[in-house]
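A.B. asks: any chance you could fold what I've pasted below:
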Amino acid sequence: MGTLEEILAQLKAQDSRLQELELENGRLRDQVADLKSQLEKVEREGKQQAAPFRKPRDQRKPPEEHKTPGQKPGHPASYKKPPADDQVQQTRQVGIGCCPDCGGALEGKQTHEHFVVDIPRIDPEWVRYQTESGHCDNCNQRKSSHHPDMPSRAVGAAGVTFGHNLVALATLLRTQSGMTFRKMSRLFKDWFGISISPAGLQKALARAENAFRPTYEQIAKNIKTSKKVHVDETGWWLAAESHWAWVAATSTCTLYVIAKSRGHEVAESLIGANYPGCLHSDFLNSYYPLNCKKSKCVSHLLATIDKLQRRRKTLDRDARFHFLARLKALLQDAIGLWHAKPKMESEPYQKQADWIQSRVDELLKRKPRDHDNLKLCRRIRKYREEIFRFLYDPDAEPTNNLAERELRPLVISRKLSGGNRSRRGADRTALLYSVYAALHRQGQNIVNAFLDALYGRRTILI
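C.D. replies: Sure thing, here's the model as predicted:
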């Protein structure tokens, strides 16, 4: 048995060890609670797949905070204006002789106008082209006449083809509305009285693919020479195998590519080996080897912070929660400064930007003991220049929202159709969606542009 001092020292060491174990026990309890909550959430969502992208209940706004229909109060009145006289095809007089309820006489009659704009039922138009052919002795081939409105020279069993208007409408329904081929087949049958199978529609879209290919190639060239580009990717299915749908978007063009890989070689093929502009992306490691200026999406960091805060919403006084709150406020202040830049003088703006950087320095001096916060700090240290590039580079933006918005049509198409069954179908999907998105971003009349390409009036549409 030792001396009194040795016994006191042992007790003190045991108390210190006990406090450490209690802290560790508390952290483990929090972790177990988080894991249980996540497991319950996954189990619930597995049984509620009707709307898999809906917000969790704890993130939804209460009913009193929901947006009301229509525009905000104080906006100019918005209504459908009546047509000009030369736009009215017919006028129908609807008189009233007596009271429709009691049959009594009416006095002080007035005349009113009500306009109805509608779509007439359209019957399909069949056009017979009677061509001629003959054998050329010089060429030793049989030559036939051809009209520019004829999609094909085929005769016999293949002598019936679909016109350019039908192909343009099918392409629009596929790209703009994300409609499946089976639904398009029913629409053409019910509304136009045209029988066309889903396979026939796919062959019709192959004509659009051939007509749009020069435009698709021009989009790819424009992406490689742009000042800034936003790139993102999402999962895709091709012949029941996992693939990736990539998007590269600028202010005027959108390029889609469906590839087997999620590696940097795909991103490099989109923007080029030595891209001259600024690449905006999330924190996927595939973008790290690319040789160009990069800007990372601050919204992804804010989403990560929100996720961690929701897991620790009961720990308001916990140091881990305060670290996340300070980091979130810093990032939001940086985005707010970027939005205010056009209205600020150069010197005050620079002071505000330097102040934000000093706050970053102060925050990164700490070494959080929490594993998730430590990972967040390491990410900011690794990508600090790319995260805050938007404060100094006029070509950089704080978010990658453009690429994420441009991916939504493909996400919806994947949900409805489950991807593609063949490599050719995947390439066609990427091409058609790219051309439609580029025309839409440039504000062109999409139907007229489709018809120009199909009729051969324009080779490149952008």
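A.B. asks: so I194 sits in a strand?
C.D. replies: No: counting by DSSP: H, G, I helix; E, B strand; the rest coil, I194 is not part of a strand but coil.
A.B. asks: residues in contact with it?
C.D. replies: 124, 166, 188 (CB atoms under 8 Å, 6 or more residues apart in numbering). In short, each C-beta sits where N, CA and C put it, glycine included.
A.B. asks: just give the nearest non-adjacent residue to the last one, would you?
C.D. replies: It stands for F188. I194 (4.6 Å; CB to CB, 6 or more residues apart in numbering).
A.B. asks: phi, psi for that neighbour please.
C.D. replies: Reported as degrees, to the nearest 10, the phi and psi values for I194 are phi -110, psi 120.
A.B. asks: renumber starting at 225 from here on
C.D. replies: Sure, I'll start numbering at 225, so the last one becomes I418.
A.B. asks: now the element after the worst-scoring helix or strand of the chain on mean pLDDT, going C-ward?
C.D. replies: Within the chain, no helix or strand scores below helix 228-270, which has a mean of 81 by mean pLDDT, DSSP states H and E. The element immediately downstream of helix 228-270 (helix or strand, assigned by DSSP states H and E) is strand 357-360.
A.B. asks: write the PyMOL selection for whichever of the contacts of I418 are buried.
C.D. replies: In PyMOL, a selection of the buried entries from the contacts of I418 looks like this (16 or more other CB atoms under 10 Å):
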select buried, resi 390+412
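A.B. asks: adding pLDDT and distance to G560, write the contacts of I418 out as a markdown table.
C.D. replies: As requested, the contacts of I418 are exported to a markdown table (pLDDT from 0 to 100; distance: CB to CB, whole Å):
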| residue | pLDDT | distance to G560 |
| --- | --- | --- |
| P348 | 90 | 57 |
| L390 | 94 | 51 |
| F412 | 94 | 51 |
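A.B. asks: tell me which of the contacts of I418 is nearest to R652?
C.D. replies: When those are compared for distance to R652 (CB to CB), L390 comes out closest, at 17.2 Å.
A.B. asks: was I right to think the closest one contacts A428?
C.D. replies: Yes: counting by CB atoms under 8 Å, L390 does reach A428; the two are 7.0 Å apart.
A.B. asks: which residues do these two both contact?
C.D. replies: I420.
A.B. asks: can you list the weak-confidence ranges in the stretch 575-686 of the chain?
C.D. replies: Filtered on pLDDT under 70, the stretch 575-686 of the chain yields no residues whatsoever.
A.B. asks: distance from stretch 304-322 to the middle of the chain?
C.D. replies: 43 Å (CA atoms, centre = their mean, to the nearest Å).
A.B. asks: for the nearest residue to L494 once chain neighbours are set aside, what are phi and psi?
C.D. replies: The shortest distance from L494 to any non-neighbouring residue, by CB to CB, 6+ apart, is to A472 (4.3 Å). Torsion angles at A472 (phi, psi; degrees, to the nearest 10) stand at phi -130, psi 120.
A.B. asks: L479 now?
C.D. replies: Per degrees, to the nearest 10, the backbone of L479 is at phi -120, psi 130.
A.B. asks: roughly how far apart are it and A469?
C.D. replies: According to CB to CB, to the nearest Å, L479 and A469 sit 11 Å apart.
A.B. asks: neighbour count: those two, which is higher?
C.D. replies: L479 (28 against 25; other CB atoms under 10 Å).
A.B. asks: looking at the contacts of I418, which is nearest I670?
C.D. replies: Checking the contacts of I418 against I670 by CB to CB gives L390 as the nearest, at 15.6 Å.
A.B. asks: before we move on, back to that, closest to A257 among the contacts of I418?
C.D. replies: Nearest member of the contacts of I418 to A257, counting by CB to CB, is F412, at 55.8 Å.
A.B. asks: contacting residues for that closest one?
C.D. replies: 390, 394, 418-420.
A.B. asks: got those as TSV, with distance to T683 columns?
C.D. replies: Formatted as TSV, those follow (distance: CB to CB, whole Å):
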residue	distance to T683
L390	22
A394	21
I418	29
S419	33
I420	27
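A.B. asks: of all the residues you listed, which two lie farthest apart?
C.D. replies: The widest separation within those (CB to CB) is 13.9 Å, between A394 and S419.
A.B. asks: ok, these two, which is more surrounded?
C.D. replies: A394 (26 against 10).
A.B. asks: can you pull the contacts of that one?
C.D. replies: 408, 412, 425, 428-429, 432.
A.B. asks: run through the strands of the stretch 475-624 of the chain in chain order.
C.D. replies: 478-483, 502-505, 517-520 (DSSP state E, counting those that start in this stretch).
A.B. asks: P618: which of those is closest?
C.D. replies: That would be strand 502-505 among the strands of the stretch 475-624 of the chain, by CB to CB, at 9.3 Å.
A.B. asks: the closest one pairs with which strands, and in what direction?
C.D. replies: Using DSSP bridges, strand 502-505 pairs in its sheet with strand 452-462 (parallel), strand 517-520 (parallel).
A.B. asks: what's the average pLDDT for that strand?
C.D. replies: The average pLDDT for strand 502-505 rounds to 95.
A.B. asks: quick one: buried residues of that strand?
C.D. replies: Quick answer for strand 502-505 (16+ other CB under 10 Å): 502-505.
A.B. asks: how about that strand as CSV, C-alpha atoms only?
C.D. replies: In CSV, the C-alpha atoms belonging to strand 502-505 read as follows (Å, rounded to 0.1, in the frame of the first residue of the first chain):
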residue,chain,number,x,y,z
CYS,A,502,-13.2,28.3,-65.3
LEU,A,503,-14.7,24.9,-64.4
HIS,A,504,-17.5,24.9,-61.8
SER,A,505,-18.2,21.6,-60.1
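A.B. asks: name the residues that touch that strand?
C.D. replies: 451-456, 491, 495, 511, 514, 516-521, 613, 617, 619-621, 623-624, 626-627.
A.B. asks: drop anything exposed from those residues.
C.D. replies: For those, buried by 16+ other CB under 10 Å: 452-456, 491, 495, 511, 514, 516-521, 613, 620-621, 623-624, 626-627.
A.B. asks: wait, what's in contact with T355?
C.D. replies: Contacts for T355 (CB under 8 Å, 6+ apart) come out as 368-371, 374, 377, 379.
A.B. asks: next one: L615
C.D. replies: Here L615 is in contact with 558, 561-562, 577, 580 (CB under 8 Å, 6+ apart).
A.B. asks: and R253, how many neighbours?
C.D. replies: So R253, with other CB under 10 Å, has 10 neighbours.
A.B. asks: can you mark which positions in stretch 587-596 are buried?
C.D. replies: 592, 594, 596.
A.B. asks: how near is the first one to Q533?
C.D. replies: Distance of P592 to Q533, computed by CB to CB: 14 Å.
A.B. asks: with V522 instead?
C.D. replies: V522 is 16 Å from Q533, by CB to CB.
A.B. asks: more neighbours, the two?
C.D. replies: Between V522 and Q533, counted using other CB under 10 Å, the more crowded position is V522 (20 against 15).
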